[in-house]
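Undergrad: sequence unavailable; structure follows:
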């Protein structure tokens, strides 16, 4: 599955009731999870021993958790709750009606687009588990780490850039609709200032 080595494969169901009991979730939290998720199965355990790599300083193992969704328009908060509740590095393989996508949480939720399950792969690159995990995060998030940046810095930069682009689009829409020349000029100045940043 996902092009990962055969010796990493598992098929271990993870009952939602076990998660509810272990983490003492409230009825409201349970209802949110039940609304989005129908089934959880641990399908891969990727560890340094199984890949014959050096263990990392922070990452020794990560798991691939297959999540069968009840609806395609799920709540991202449910996934973030799963990542926070389970104290392991996780890659979620989300499935709904013959479509799949991957998700990881690394300072924020990162996801691929919905696609055919056969098209999804995770390439194992790196000499330590830390490097392998960073590469998995960059693959799922579609992140290009620029030289001199750490993964966290690049994620923050990409997020800041996306916010600026959204604000520029909002201001451009306002500028097109503005009738007063002075206000229009001020909006264009602000847009240029944001574009320079």
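TA: Looks like it came in fine. Computed from a predicted model, the values in this text were never measured in an experiment.
Undergrad: now do the buried residues in stretch 72-92.
TA: Buried positions in stretch 72-92, judged by neighbour count with 16 or more other Cβ atoms under 10 Å: 74, 78-79, 81-83, 86, 89-92. (Glycine included, C-beta is placed from N, CA and C.)
Undergrad: biggest separation within those residues, which pair?
TA: The span of the buried residues of stretch 72-92, defined through Cβ to Cβ, is set by 74 and 89 at 21.1 Å.
Undergrad: hmm, who's touching stretch 141-152?
TA: Applying Cβ atoms under 8 Å, 6 or more residues apart in numbering, the external contacts of stretch 141-152 come out as 104, 106-107, 110-112, 134, 137-138, 154-155, 157-158.
Undergrad: just send those back as TSV, with distance to residue 123 and neighbour count too.
TA: Shown next, in TSV, are the contacts of stretch 141-152 (distance: Cβ to Cβ, whole Å; neighbours: other Cβ atoms under 10 Å):
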residue	distance to residue 123	neighbour count
104	14	23
106	17	19
107	22	11
110	16	19
111	17	17
112	13	17
134	12	20
137	12	21
138	10	19
154	18	17
155	19	20
157	24	14
158	21	18
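Undergrad: among those, name the ones in helices.
TA: Using DSSP state H, the subset of the contacts of stretch 141-152 located in helices is 134, 137-138, 154-155, 157-158.
Undergrad: just give me the closest of these to residue 14.
TA: For the ones in helices among the contacts of stretch 141-152, the minimum distance to residue 14 (Cβ to Cβ) is 22.0 Å, reached by residue 137.
Undergrad: how close does the residue nearest to the closest one when sequence neighbours are not counted get to residue 11?
TA: Of all residues not flanking residue 137 in the chain, residue 106 sits nearest, at 4.6 Å (Cβ to Cβ, 6 or more residues apart in numbering). From residue 106 over to residue 11 the distance is 26 Å, taken as Cβ to Cβ, to the nearest Å.
Undergrad: and residue 184, by the same measure?
TA: For residue 184, the distance to residue 11 - Cβ to Cβ - is 62 Å.
Undergrad: more crowded one of these two?
TA: The neighbour comparison of residue 184 against residue 11 (other Cβ atoms under 10 Å) goes to residue 184, with 15 against 10.
Undergrad: can you name the helix or strand that the more buried one falls in?
TA: helix 181-196 (DSSP states H and E).
Undergrad: nothing else from me, thank you.
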